[in-house]
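A.B. asks: I would like the atomic coordinates for the input below:
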Amino acid sequence: MTRRRALYLIMVLVGVITAYPLLKWVIYTSRKPDLGKLNAMRPLISELVETIIPATDSPGAKEAGVADFVIGKVIFYLDRREQNFFIDGLGDIEQLSRKGYGQSFMNCTMDQRVKILECLEDQQLFLHPLLMKVKRKLFGFSFISYLKAYTVEGYCTSLLGATRCLNYQATPQSYQPCVPLVLLGQRSWATK
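C.D. replies: Here you go, the predicted structure:
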């Protein structure tokens, strides 16, 4: 093999390797997300958030209504590319569960669900930090990262999560938007 032939094969190989992520990025950016499909997958999202924060002596994420929070965050706060990436991630969950256990994610046991999510998380990770930066720049954070972050945020801001799981004490005072300063030189309230 000549040097010219070897360089040509290396260039073709690099072109093929870089063409797939760029094609995927173009598809995710140009395709309009199917938000109706997202609403139809509400039961799956409920089971996913319940797998992340299960019910123990405190209520789980499903009981706290975190699935509605996750769907709202995806619809209103993610751009088109990230919405498509999230919806395709839900499809990947179903494919992994059918491939690994021969049934839907909803019919799997809790141990099987945890293994599916761990498998998906392992698939999302690259070994080299530079590749992770490029992937995050092109596609945003991974599906499992969005799901976990939105689940924790939704649970901690829900009524059940804040009052029965977190330490919550309501201030026993009434809200007064305008408090006159009494003493000369008195400092203003930090929280008005």
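A.B. asks: Helix, strand or coil: sort out the residue nearest to the spatial centre of the chain for me.
C.D. replies: With the centre of the chain defined as its mean C-alpha position, the nearest residue by CA atoms, centre = their mean is Y146, 1.5 Å away. Taken by DSSP: H, G, I helix; E, B strand; the rest coil, the conformation at Y146 corresponds to helix.
A.B. asks: what about the nearest residue to it once chain neighbours are set aside, how many neighbours?
C.D. replies: Nearest non-adjacent residue to Y146, counting by CB to CB, 6 or more residues apart in numbering: F86, 5.9 Å away. Just so you know, the C-beta spots here come from the backbone N, C-alpha and C atoms, and that holds for glycine as well. For F86, the number of neighbouring residues by other CB atoms under 10 Å comes to 25.
A.B. asks: Check what pLDDT F86 gets.
C.D. replies: Listed pLDDT for F86 reads 88.
A.B. asks: Tell me the gap between the helix or strand harbouring L117 and the middle of its chain.
C.D. replies: In the assignment (DSSP states H and E), L117 maps to helix 110-124. The gap between the average C-alpha position of helix 110-124 and the chain average comes to 14 Å, counting by CA atoms, centre = their mean, to the nearest Å.
A.B. asks: do the same with stretch 6-22
C.D. replies: 31 Å.
A.B. asks: Convert the C-alpha atoms of that stretch to CSV, please.
C.D. replies: What follows is the C-alpha trace of stretch 6-22 in CSV, where atoms were taken according to Å, rounded to 0.1, in the frame of the first residue of the first chain:
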residue,chain,number,x,y,z
ALA,A,6,-3.2,5.1,3.1
LEU,A,7,-3.8,8.8,3.5
TYR,A,8,-6.8,8.5,1.2
LEU,A,9,-8.3,5.7,3.3
ILE,A,10,-7.7,7.6,6.5
MET,A,11,-9.4,10.7,5.1
VAL,A,12,-12.4,8.6,4.0
LEU,A,13,-12.6,7.0,7.4
VAL,A,14,-12.5,10.3,9.2
GLY,A,15,-15.1,11.7,6.8
VAL,A,16,-17.5,8.8,7.5
ILE,A,17,-17.0,9.0,11.3
THR,A,18,-17.7,12.8,11.3
ALA,A,19,-20.5,12.6,8.8
TYR,A,20,-22.9,10.5,10.9
PRO,A,21,-23.0,12.9,13.9
LEU,A,22,-23.4,15.9,11.6
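A.B. asks: Give me the contacts around that stretch.
C.D. replies: Outside of stretch 6-22, the residues that reach it under the criterion CB atoms under 8 Å, 6 or more residues apart in numbering are 135, 138.
A.B. asks: That stretch - what's its average pLDDT?
C.D. replies: Averaged across stretch 6-22, the pLDDT comes to 75.
A.B. asks: residue ranges with poor pLDDT in the chain?
C.D. replies: In the predicted model of the chain, residues 18-30, 125-128, 139, 167-173, 175-176, 179, 181, 183-192 satisfy pLDDT under 70.
A.B. asks: Show me the helices in it, by range?
C.D. replies: Remark: helices assigned in the chain by DSSP state H are 3-30, 35-40, 42-52, 66-77, 80-101, 110-124, 129-139, 143-157, 159-160.
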